[in-house]
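Enquirer: Take a look and give me a structure for this.
(chains A and B)
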Amino acid sequence: MSGDRIIVASEIAEEFAERLAERAEGLSTGDPADPSTVIGPLISASAASRVAGMVDEAVKAGAKVRSGGGEADGAVYRPTVLSSVNPSMRISNDEIFGPVCTIHPFDTPAEAVAIANDTTYGLSAAVISEDIPLAMKIAGDIDTGLVHINGPTVDDEPMAAFGGVGDSGFGRFGGQDALREFTEPRWVKQWDRTLRQFPI
Amino acid sequence: MALKVTLERAPCGLLKAVLTIRSGADTGGSCPAKVTWRQCLGPDFSTERDVVASDQGLLIAGEQQESSTGETYDDVNPYTGAAIATIAAASPDDATRAVDAAAVAFKAWSQTSPAERRAVFLRAAQLVKERTSDVIATMTPETGATFGWGMFMVHLAEGMFLEAAAAAMAPIGEVNATNDVGALSLTIRRSAGVVAAFSPWNAPTYLSARAVGIPLAVGNTVVLKATEEAPISAGSAARTRSSSSPMPTSTTPSAPRLSRRGSTAGKCA
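Expert: Numbering: from 1, shown residues only, chains lettered A, B, ... in the order given. Prediction:
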């Protein structure tokens, strides 16, 4: 649900990467019991070393570390921003499940949609734009179960249908959909016997 | 002096609880100050709590039980690597017993009135809110959750239970067209039976609340298989309901519904 891939207009991609990296560097990392900590540990040391492995693999294939990177410290992994990432890298395709995001520049809206849809997963997406009609068009073309216009990818309200497409699970929680998911339909017909003639 | 607590949504999407202290007429003016909830909870607030027996057993048919094989495993704090609790490891037999218990409970639960089910969830919402500090003190050592994430979980779980209360009253079903003029053709919706629910570790309290909320509200019973990595945090939702009313909580292929959040690759959303 947390955004792994950030697809940015190429004319601002470099500045965006720089500023995001600066922001990520400023996030305090470590002990979750410390009130100043923003990024606590992952669920286990092996989860953190899996993330470090994905980053390492991407860097060896040409990705640039804009912030973070390196080895995991136990279950803690520093917030990491990567650019120069290409679609053949595992980090572009697998769910990262750690404090890492990758930046993908695009030149046209069609290209942005193609990059967004180049994955087998499809839970959440967000489109950030001042051009609302264009944002709505792009949102319509992205294959995910949920999409936010000018909001974060992380959100859940029990009143709305929540769920993904593709490899992001099945079924829907929330709203009318949840009522249907967890009940069995039954057709019940009450006849008026005086109104129908049967052939036998 | 007036105290006001508000929830604000931070740019990253997380909710932030903010306490505003406003001095009143006694000081002759208004001077708002913002401090975080964490500061406001003061020195008595802890990010750890004692593990109790009910955290570590299986909850089947409303009773705390050990695994039928006696097997246990360590629940580990991801930050320190230390074991924080010894958890009963459920066997396939335990899962079968849980489903059987849920199937027995279904007979009565599916016949309760919507008002009765609504009352249970309204109470559950109240309880989870009252236990905010307890939930956070569970999640921090068990999952490495920061304070803000813990607050977010409580807020979402409370909202989930409130919505489950509303769902018990929602109109459901359809009146169909029929070519037999004068007949009445309906599609009604009936409770499905036992729901097998699996909840992951990343948002354990909320996702467990969600896995059981609507299914129970529409008259099913649920067997919740909590994640091995956060069984206490996930179980806190089940225990909240258990203390608001006796309700059953287990998984096998005989359950007619599966509720699972996460990718088919076995990871979680």
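Enquirer: Tell me where the stretch 51-200 of chain B has helices.
Expert: Along the stretch 51-200 of chain B, the stretches classed as helices by DSSP state H, counting those that start in this stretch are B:53-56, B:92-109, B:114-130, B:132-143, B:147-167.
Enquirer: Out of those helices, flag the one nearest A:Ala114.
Expert: Counting by C-beta to C-beta, A:Ala114 lies closest to helix B:147-167 out of the helices of the stretch 51-200 of chain B; the figure is 33.3 Å. C-beta here means a position set from N, CA and C on the backbone, and glycine is covered the same way.
Enquirer: Which strands and helices lie in contact with the closest one?
Expert: strand B:15-22, helix B:37-41, helix B:114-130, helix B:132-143, helix B:204-217, helix B:231-244 (3 or more C-beta pairs under 8 Å, 6 or more residues apart in numbering or on different chains; DSSP states H and E).
Enquirer: Now mean pLDDT and distance to A:Ser83 too, for the ones you listed, in a markdown table please.
Expert: Below are the helices and strands packed on helix B:147-167 laid out as a markdown table (pLDDT from 0 to 100; distance: least, C-beta to C-beta, whole Å):
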| stretch | mean pLDDT | distance to A:Ser83 |
| --- | --- | --- |
| strand B:15-22 | 41 | 29 |
| helix B:37-41 | 49 | 35 |
| helix B:114-130 | 95 | 42 |
| helix B:132-143 | 90 | 30 |
| helix B:204-217 | 93 | 32 |
| helix B:231-244 | 70 | 35 |
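Enquirer: and among those, the most buried is which?
Expert: helix B:204-217 (a mean of 29; mean count of other C-beta atoms under 10 Å in any protein chain shown).
Enquirer: Can you list the helices and strands that whichever helix or strand comes after that one packs against?
Expert: Going down the chain from helix B:204-217, the next helix or strand is strand B:221-226, by DSSP states H and E. Strand B:221-226 sits against helix B:92-109, strand B:194-199, helix B:204-217, helix B:231-244, with contacts defined as 3+ C-beta pairs under 8 Å, 6+ apart.
Enquirer: Of all those, which one is nearest chain A?
Expert: helix B:204-217 (4.2 Å; C-beta to the nearest C-beta).
Enquirer: Secondary structure class of A:Ala126, three-state.
Expert: Here A:Ala126 is recorded as strand under DSSP: H, G, I helix; E, B strand; the rest coil.
Enquirer: Chain B versus that one, what's the distance?
Expert: 9 Å (C-beta to the nearest C-beta, to the nearest Å).
Enquirer: what about that residue, how many residues close to it?
Expert: 21 (other C-beta atoms under 10 Å in any protein chain shown).
Enquirer: Format the helices and strands packed on helix B:147-167 as a markdown table; extra columns: distance to chain A.
Expert: Formatted as a markdown table, those follow (distance: least, C-beta to the nearest C-beta, whole Å):
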| stretch | distance to chain A |
| --- | --- |
| strand B:15-22 | 10 |
| helix B:37-41 | 5 |
| helix B:114-130 | 11 |
| helix B:132-143 | 5 |
| helix B:204-217 | 4 |
| helix B:231-244 | 11 |
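Enquirer: Can you lay out those as CSV showing distance to B:Ala108?
Expert: Output for the helices and strands packed on helix B:147-167, formatted as CSV (distance: least, C-beta to C-beta, whole Å):
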stretch, distance to B:Ala108
strand B:15-22, 37
helix B:37-41, 40
helix B:114-130, 11
helix B:132-143, 29
helix B:204-217, 13
helix B:231-244, 16
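Enquirer: could you dump the helices of the stretch 51-200 of chain B to a markdown table with distance to A:Arg23?
Expert: Converted to a markdown table, the helices of the stretch 51-200 of chain B look like this (distance: least, C-beta to C-beta, whole Å):
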| stretch | distance to A:Arg23 |
| --- | --- |
| helix B:53-56 | 38 |
| helix B:92-109 | 45 |
| helix B:114-130 | 32 |
| helix B:132-143 | 24 |
| helix B:147-167 | 16 |
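Enquirer: Out of the ones you listed, which is closest to A:Asp156?
Expert: Per C-beta to C-beta, nearest to A:Asp156 of the helices of the stretch 51-200 of chain B: helix B:147-167, 6.5 Å.
Enquirer: Pretty sure A:Ile91 is one of the things A:Cys101 touches, is it not?
Expert: No. Contact between A:Cys101 and A:Ile91 fails when scored by C-beta atoms under 8 Å: they sit 9.8 Å apart.
Enquirer: picking that back up, nearest to A:Gly74, of the helices of the stretch 51-200 of chain B?
Expert: Closest among the helices of the stretch 51-200 of chain B, using C-beta to C-beta: helix B:132-143, at 14.3 Å.
Enquirer: what angle sits between that closest one and helix B:204-217?
Expert: 120 degrees (axes from the mean of the first three to the mean of the last three C-alpha atoms, to 10 degrees).
Enquirer: and helix B:132-143, what does it pack onto?
Expert: helix B:147-167, helix B:204-217, helix B:231-244.
Enquirer: again, only this time at 6 Å
Expert: The helices and strands touching helix B:132-143, judged by 3 or more C-beta pairs under 6 Å, 6 or more residues apart in numbering or on different chains; DSSP states H and E, are helix B:147-167, helix B:231-244.
Enquirer: between that helix and helix B:147-167, what angle do the directions make?
Expert: 120 degrees.
Enquirer: okay, helix B:132-143 in CSV with CA atoms only?
Expert: Below are the C-alpha coordinates for helix B:132-143, written out as CSV (Å, rounded to 0.1, in the frame of the first residue of the first chain):
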residue,chain,number,x,y,z
THR,B,132,-5.2,2.8,23.3
SER,B,133,-2.1,2.9,25.4
ASP,B,134,-2.3,-0.9,25.9
VAL,B,135,-2.5,-1.5,22.1
ILE,B,136,0.5,0.7,21.5
ALA,B,137,2.4,-0.8,24.3
THR,B,138,1.8,-4.2,22.7
MET,B,139,2.6,-3.2,19.1
THR,B,140,5.9,-1.4,19.8
PRO,B,141,7.8,-4.3,21.2
GLU,B,142,6.1,-6.9,19.1
THR,B,143,6.2,-5.3,15.7
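Enquirer: Show me the contact partners of that helix.
Expert: Applying C-beta atoms under 6 Å, 6 or more residues apart in numbering or on different chains, the contact partners of helix B:132-143 are A:32-33, B:45-49, B:77, B:84, B:145, B:150, B:154, B:201, B:205, B:230, B:232-233, B:236.
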